[in-house]
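Engineer: need coordinates for the following:
(one chain, ligands or ions: 1)
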Amino acid sequence: MQLLKERILKDGVVKPGNVLKVDSFLNHQMDIDLINEIGKEFRRRFPSDKITKILTIEASGIGIACIAAQYFNVPVIFAKKAQSINIDGEVYHSKVESFTHKRVYDVILSKKFLSADDHVLIIDDFLANGCALLGLLELVKEAGASVEGAGIVIEKGFQSGGNSIREQGIHLESLAIVDSMTDTSLTFR
Ligand code: 5GP
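Structural biologist: Below is the predicted model:
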């Protein structure tokens, strides 16, 4: 998505540890006009009428998923990161290792909001090693629901997540795939 790539080049900042900061337009301050275009682009790439829910993970995915959901006319559900939990029968549960925070979260989703009848589109801001996406896929699997695909705003193509998700046969669409990044240059696939 050209508009997004131009914005990453203009305002993205590369931080040590392969972290791309895009907090001036995507995940701290949010440029709603841009995210609206992102929402439309996700709809264009996932035209299926079967989608019944959009699933994301707190926190950064929520705003993006909500804006995108207006083009799908379906509810957004988000996995919650639980600090300490009493896991009971009422929630689906998986574990996610955070790339940016270097810790493992238990993530939960109420069983009330996802069932075997659902067709799920997963949306998130970044794909790096794939832990967040794999954790979300696990929740969908626990529910017996179907995965219609995964829409990612920025994939870091030099990390392993994209390949492992595509190898599973999941329809993965990333709006910008970063192939390499250093302090002074950033290239897209
Ligand atoms: P993964 O689980 O694929 O390794 O990482 C994905 C999650 O980590 C995303 O939900 C995102 O919040 C965060 N993340 C991974 N890489 C980056 C990055 O380069 N910049 C930012 N801002 N977040 C990232």
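
Engineer: once you drop chain neighbours, what's closest to the residue positioned nearest the centre of the chain?
Structural biologist: Taking CA atoms, centre = their mean as the criterion, Asp124 is the residue nearest the geometric centre of the chain, at 1.4 Å. Across the structure, with CB to CB, 6 or more residues apart in numbering as the measure, the residue nearest Asp124 apart from its sequence neighbours is Gly61 (4.6 Å). Bear in mind the C-beta positions are built from the backbone N, C-alpha and C, glycine included.

Engineer: and that neighbour, how far is that from the ligand?
Structural biologist: 6 Å (CB to the nearest ligand atom, to the nearest Å).

Engineer: and the one helix or strand that residue maps to, what's buried?
Structural biologist: With the criterion set as DSSP states H and E, the secondary-structure element containing Gly61 is helix 60-69. Neighbour counts over helix 60-69 (16 or more other CB atoms under 10 Å) mark 60-61, 63-69 as buried.

Engineer: redo those as TSV? Include pLDDT.
Structural biologist: Putting the buried residues of helix 60-69 into TSV (pLDDT from 0 to 100) gives the following:
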residue	pLDDT
Ser60	94
Gly61	96
Gly63	98
Ile64	98
Ala65	98
Cys66	98
Ile67	98
Ala68	98
Ala69	98
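
Engineer: for the ligand, state which of these is nearest.
Structural biologist: Looking at the buried residues of helix 60-69 and their distance to the ligand, the nearest is Ser60, at 4.9 Å (CB to the nearest ligand atom).

Engineer: for the closest one, give me its contacts.
Structural biologist: With contact set as CB atoms under 8 Å, 6 or more residues apart in numbering, Ser60 has these partners: 26-27, 124-126.

Engineer: most neighbours out of the residues you listed, which is it?
Structural biologist: Neighbour count (other CB atoms under 10 Å) singles out Leu26 as the most crowded of these, with 26 neighbours.

Engineer: this structure: helices as residue ranges?
Structural biologist: 2-11, 32-45, 60-69, 131-143, 161-167 (DSSP state H).

Engineer: what parts of the chain come near the ligand?
Structural biologist: Proximity of the chain to the ligand (CB under 6 Å from any ligand atom) is limited to residues 19-22, 27, 60, 99-100, 124-133, 156, 161.

Engineer: and the residue nearest to the centre of the chain, what is it in contact with?
Structural biologist: Listed by CB under 8 Å, 6+ apart, the contact set of Asp124 reads 56-57, 60-61, 64, 132-133, 136, 150-153.

Engineer: if you set the cut-off to 6 Å instead, what comes out?
Structural biologist: For Asp124, the contacting residues are 56, 61, 132, 152, taking CB atoms under 6 Å, 6 or more residues apart in numbering as the criterion.

Engineer: same check on Asn36?
Structural biologist: Asn36 neighbours (CB under 6 Å, 6+ apart): Ile67.
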